[in-house]
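Engineer: Predicted structure and sequence below. I'll ask about it afterward.
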Amino acid sequence: MQYSSRLVCGLLKLQDRFVPRLFKHQYNFIIPVILLTAFVLVYPHAASAQRYHVRTYSEGDGLSSTAVKSVIQDHSGKMWFATRSGISCYDGVKWETYGVNDGLATLSQSTILVDHRGTLWALSAEYELSVLENGKWRFLARIPGNTLFGNQHSRMVAVRDGDNPIIIIISKSRDLYCFREDRVEILAERASNGIVDFFGLAVVDNDLFVATSGGLMSVSGDSLEKGFRLVEGSPRETILSVAYEESTDMFWLVGSDWIGQLKDGIFIRISEIRELDTSLNYGYYSSIPDGAGGLYFGVETWLSRLDDRNNIEILNRNSGLINEGTTSLFRDREGNAWVVGLRGISRIINDRFAGYSKDNGLFDDEVTGVVQLNSGVIVLAHPLGLTFLEEKIRTKKITDDRQNERILDLARDDKDDIWLAASNAGLIRIDRNGRKTIFGEDEGLELPVRSVLFDAEGQLWVAGQGKVCKYRDGLFNEFVLWDESVYGNHNVRRLFKSDDGTIYVGTRNQGIFIIEGGQVRQNPIGDDLAARSIYSLFKTLEGTLYVGTYGGLFADVGEGFERVSSPGPEIERPVYFIVDDGDSNLWFGTDNGVYRWNGERSDHFTVEDGVIGRETNRAAGFVDSDGKVWIGTDRGVSVYRKEHDIHGDVAPLVNLISLETSSADYSFDEDLDLSHSENTIIIEFSAISFADEDKIMIRTWLEGYEEDWGDPYISHLRILRYMNLPPGRYVLHLKATGYEQPWSEAVSSPVIAIAKPYWSGIWFRLVVASIALFIAYAIFAFISQKRYARRLKTEVEQKVLEKEEIEKELAKAGKMRSIGILAGGIAHDFNNFLVGIIGNLSLLEMSANLSEEDRELTGQAAKAAQKAKALTSQLLTFSRGGSPVREPGNIENVIRESAAFVLRGSKVDCRFELPDDLWPVRMDADQINQVINSILINARQAMSEGGVINIRGRNVERSPDGKGGQFPATGMFVMIEIEDHGEGIPADQIDHIFDPYYSMKDEGEGLGLTTAYSIIDKHKGFLEVRSQVGEGTTLIFYLPAVKEMLSVDPPVKERQSLKKARILVMDDDDTVRTLIVKMVGMAGHIAGEAENGTEALELYRKSIEKGNKWDIVIMDLTIPGGMGGKETIGPLLELDPEARAIVSSGYSSDDVLANYEKYGFRARLAKPFTAGALKDIISQVLEE
């Protein structure tokens, strides 16, 4: 501000006038402090500077020492600090410290820099040069020169010759040295070439600029030997500091008693300053552009700022900084100004809000009102007094009782008299000469006075406790708003006016009263008391009337007031003032800072954003003639300055650092292959922004695990944790945004591959499946023996005990279903084994040389193998609910066969009501058999004392009644009802009986009905249950009917002898392939073989070229690691559209077996199969 800069300049002039120069240099730090103290004693309300939005750092935050000599930012965004106790690094979250143990030759460091490659260099207080390599500092050289000065300060920059860095250093003796190619060279000596001293360094586009006592010199970094030349336009006098501003392509120069700008060869001296000390007793001068048209400059004992209006202010601890001066200044990539000194680090975040309080000379901290006089002077109202912001701050005490005589509102008239609403002290006028006049009850006013207002015609309005008065001819005349005998006292809070002359009266409990054309009308705003409590009101140029209440912000929408909601400026807290800054922005003062609304976006500014106080006051929102917004709060006044509101368009710098598992740490240099046990990972990353390091938000996407980007959130620790990831390949994507910043580009990790566990390997599955089949066979054999023994010993008293034992074993068999889940996954491989067994047995049976005894043994072995095939099929169906191979069939036969098996030896009888004309259904007989078995077993267990199970069937041609609307509107179905007379199912449990592992019995695993439901669903049918407790349960399922009736199989005719066919067999299993070739040969055909689809296609192509193509190709459905039948059939038909192919596989859930014709196959052959079955299929295909 202008008044503070003039005050500071006055102090400095006093110093120059009364202190001899030599004495001043020796006590450069003490004298300003003494003079400033004396000045404050004489003028107790003087201010030295505004209060900035600053964040400070010291040893308590992690800094190695508060005595900081230099600051720099590396290419990753980290900040580095040279201190008296080593080097500190800060990434916004954690601090790292480097000392002697990390390679530094000396603990105390003086200067630090980053070269064009991102390499860090450090110069110690003893002028020892070091470089950071692989996390360790390496000593390089000592810079020579005599120590001429007590303080060990230096300046250091880097240029380059090609890609090789050259380090430029001003030594203790003020000679100019360079370090290149591992050696130190003197570049220029002090007192040479007419230059007495070197003071500062800067590098622009690899050109070196040196501030000297003879002006600003320059030389190209890749031709240092050519010597220095005076920069065009530079004054030939002492320059103590040089700073380059890239955005304006301009040099800032600080001379001994001036500040200037050099651009395009033209030098402009823009400000005179007090004469500065050139002896450097307190180190070199530092300067940086502030990004808003000004310059920070200073030395160890003081720091000043030249603003864009050429006003100078002193920055110190009263300004919010941690230091009185500075040893080094730096402006980071986001525009934050870093000020380091002997007491720590200050980071000036954003100085869009200038803050002033009692420490800066105000009458009091709390500001209750703001007004501007015609002369331009800003007047601040406080609870008990006023502050006049003139060239010299002036304050005036008005009242004494803070509780009862508080100043609530103020206004000025055309004569620049100030009128104060001072509660019980009445209405007070302060004229231009400072004379005070009090108006109270004697003049017709009602106390306390709460608000004062001048309307568009200059008429004075005053609001008391419950009345509004107009001042005319020396008297206050009451303006009647309401009948107090009817409405009571409405407790007026504040008066408002609009440009059209309307007067608004805001009350504490009855909304607003509108005075227009001498008429009064009321608008209560809302129904609740908070909405009727009015604090502020503003009518925009567009005609929108905003009202701030205790309950939030409301607006007149034409049909009454409504709460403002998104996309408008939604505020649901007290709104104390509303002002328009004249730049299309509305400002709303609240109990927690201010909101700014630009018509599209709302910004919320609080103490954390630089506003000096948290709670604003009702009359303390004001826009001055320069467009600055004044915000009076409980802690002082903040002034918003648009020219200083520099929004960051730089995103945070994001980097993935490392990945940690339970057994190792990994870098992201290459793709990562992790074991299955390393499936919990912790990823460390950095997201660096110093706009506000506590408000950095990130979004992540772990590709391969998540479908898309997650929601933004704040990550304080900068780590990501993923627990128990399944085997797979993943890529992490991450991006970040900072406070008022855009999102960064996403960074991505290399591929993170987590291996499958060993037990998912084929060999392990084979072993487990073998064990499972052996156990299953042993259990079935044991159960059969027990059943046989029970039938023989029906009269023995152990019958009950044996029955209980058998049921226990049945429970064990139920538990084996879980093993079946694993066995089902490898059923295809076991069917290949069974192909060898069943196929070879069928070949033996066909042998003419077999004796009758051997033929009988072979037949028994074949039957056992078929049982093993059936067992494998059941396990697969249970574990995966494989796709059924549906064929038209008679369901009655399946029902009667299943009932005979399940109810054999029990006390339960079965009654059938199945009509003769029951339609055939398309079904997988084995799977439907399993469904009926599960239902009948449940029915038998429900009737432990015996009884009758009714099985009914009928044809239906309409939509059955069912719950949840799961049945289609029309259709032809066969309905089967299985009814028991057991205990029934309670209503609260009936919805859960199809849930996995849900069982109402002690025995069983609760999977039977779950599997049944899955099978019926895959048959495109429906399953429902009806039950009544105490009466029984009925399970009903529907299967789609086949429209055509089943025909009676015609007599089997002996197939005519067919010609020898050429048949190509494709299977990856050598044993299976050899066996099928042998079967084909025994069937009288010529066989060829191929291991996979690629080989088969090549053989078929060659056969076409030779004119002797294969008649049939038998292909295994799936071949691990190669082309199976499913992948081969397409290329084969492209090669030969007339090709005839048979698909062969174990019982699979793949759709190809169920719908082979759709994929281009002529027939299917389910493994395992006999030689006879193979022969029939071949004959069938050849006859087509």
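Structural biologist: Great, that's in hand.
Engineer: how many other residues sit next to the residue nearest to residue 91 when sequence neighbours are not counted?
Structural biologist: Computed as C-beta to C-beta, 6 or more residues apart in numbering, the closest residue to residue 91 that is not its neighbour in sequence is residue 78, at 4.8 Å. (Glycine included, C-beta is placed from N, CA and C.) With neighbours defined by other C-beta atoms under 10 Å, the count for residue 78 comes to 19.
Engineer: Pull the contacting residues for residue 78.
Structural biologist: For residue 78, the contacting residues are 89, 90, 91, 686, 688, by C-beta atoms under 8 Å, 6 or more residues apart in numbering.
Engineer: and the gap between the third one and residue 62?
Structural biologist: So the one you mean is residue 91. In this structure, residue 91 and residue 62 are 11 Å apart, going by C-beta to C-beta, to the nearest Å.
Engineer: Looking at the two, which one has more neighbours?
Structural biologist: Per other C-beta under 10 Å, whichever of residue 91 and residue 62 has more neighbours is residue 91, with 21 against 15.
Engineer: quick revisit: mark which of the contacts of residue 78 are buried, thanks.
Structural biologist: Among those, those scoring as buried are 89, 90, 91, 686, 688 (criterion: 16 or more other C-beta atoms under 10 Å).
Engineer: which stretches of the stretch 1051-1184 of the chain form helices?
Structural biologist: Applying DSSP state H, counting those that start in this stretch to the stretch 1051-1184 of the chain gives helices spanning 1070-1082, 1093-1105, 1125-1135, 1151-1154, 1171-1183.
Engineer: can you tell me which of those helices the model trusts least?
Structural biologist: The weakest mean pLDDT among the helices of the stretch 1051-1184 of the chain belongs to helix 1151-1154, with a mean of 77.
Engineer: From the contact counts, what lies against that helix?
Structural biologist: Using 3 or more C-beta pairs under 8 Å, 6 or more residues apart in numbering; DSSP states H and E, the elements in contact with helix 1151-1154 are strand 1141-1145.
Engineer: Report the inter-axis angle for the strand it packs on versus helix 1093-1105.
Structural biologist: 160 degrees (axes from the mean of the first three to the mean of the last three C-alpha atoms, to 10 degrees).
Engineer: ok so, going back, if we only consider the contacts of residue 78, which is nearest to residue 105?
Structural biologist: residue 89 (18.4 Å; C-beta to C-beta).
Engineer: for residue 295, what are its contacts?
Structural biologist: Contact analysis of residue 295 by C-beta under 8 Å, 6+ apart lists 243, 252, 254, 259, 287, 288, 289, 305, 306.
Engineer: Residue 306 is in contact with residue 297, isn't it?
Structural biologist: Yes - between residue 306 and residue 297 there is a contact at 7.2 Å, judged by C-beta atoms under 8 Å.
Engineer: joint contacts of these two?
Structural biologist: Contact criterion C-beta under 8 Å, 6+ apart; residues shared by residue 306 and residue 297: residue 259.
Engineer: so where do the strands sit in the stretch 751-900 of the chain?
Structural biologist: Along the stretch 751-900 of the chain, counting by DSSP state E, counting those that start in this stretch, strands occupy 752-754, 887-889.
Engineer: Out of these, name the one with the poorest average pLDDT.
Structural biologist: strand 887-889 (a mean of 85).
Engineer: If we go by neighbour counts, what in it is buried?
Structural biologist: Buried, per 16+ other C-beta under 10 Å, within strand 887-889: 888, 889.
Engineer: Pretty sure residue 904 sits in a helix.
Structural biologist: No - under DSSP: H, G, I helix; E, B strand; the rest coil, residue 904 falls outside any helix and is assigned coil.
Engineer: got the strands of the stretch 751-900 of the chain as TSV, with distance to residue 1104 columns?
Structural biologist: Shown next, in TSV, are those (distance: least, C-beta to C-beta, whole Å):
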stretch	distance to residue 1104
strand 752-754	43
strand 887-889	35
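Engineer: got a list of what residue 422 touches?
Structural biologist: Counted by C-beta under 8 Å, 6+ apart, residue 422 has contacts 398, 399, 405, 406, 407, 408, 428, 449.
Engineer: out of those, who has the most neighbours?
Structural biologist: residue 449 (28 neighbours).
Engineer: Isn't it up against residue 438?
Structural biologist: No - in this structure residue 449 lies outside contact range of residue 438 using C-beta under 8 Å: 10.2 Å.
Engineer: residues near the residue nearest to residue 367 when sequence neighbours are not counted, how many?
Structural biologist: Residue nearest to residue 367 in three dimensions, not counting chain neighbours: residue 632, with 3.3 Å by C-beta to C-beta, 6+ apart. Counted with other C-beta under 10 Å, the neighbours of residue 632 add up to 28.
Engineer: so who does residue 632 touch?
Structural biologist: Contact analysis of residue 632 by C-beta under 8 Å, 6+ apart lists 366-370, 380-381, 616-617, 619-622.
Engineer: what's the burial count for the closest residue in space to residue 744 that isn't next to it in sequence?
Structural biologist: Among residues not flanking residue 744 along the chain, residue 651 sits closest, at 3.8 Å (C-beta to C-beta, 6+ apart). When neighbours are counted by other C-beta under 10 Å, residue 651 registers 18.
Engineer: ok, residue 651 to residue 645 distance?
Structural biologist: Residue 651 is 19 Å from residue 645, where distance means C-beta to C-beta.
Engineer: now the stretch 601-750 of the chain, which segments are flagged as low pLDDT?
Structural biologist: Where the stretch 601-750 of the chain drops to pLDDT under 70, the residues are 647-648.
Engineer: Then the stretch 1-150 of the chain?
Structural biologist: Residue ranges of the stretch 1-150 of the chain with pLDDT under 70: 1-49, 145-150.
Engineer: ok, now with 80
Structural biologist: 1-50, 145-150 (pLDDT under 80).
Engineer: As a check, name the ranges of all helices in it.
Structural biologist: Counting by DSSP H, counting those that start in this stretch, the helices of the stretch 1-150 of the chain are 2-18, 21-26, 30-42.
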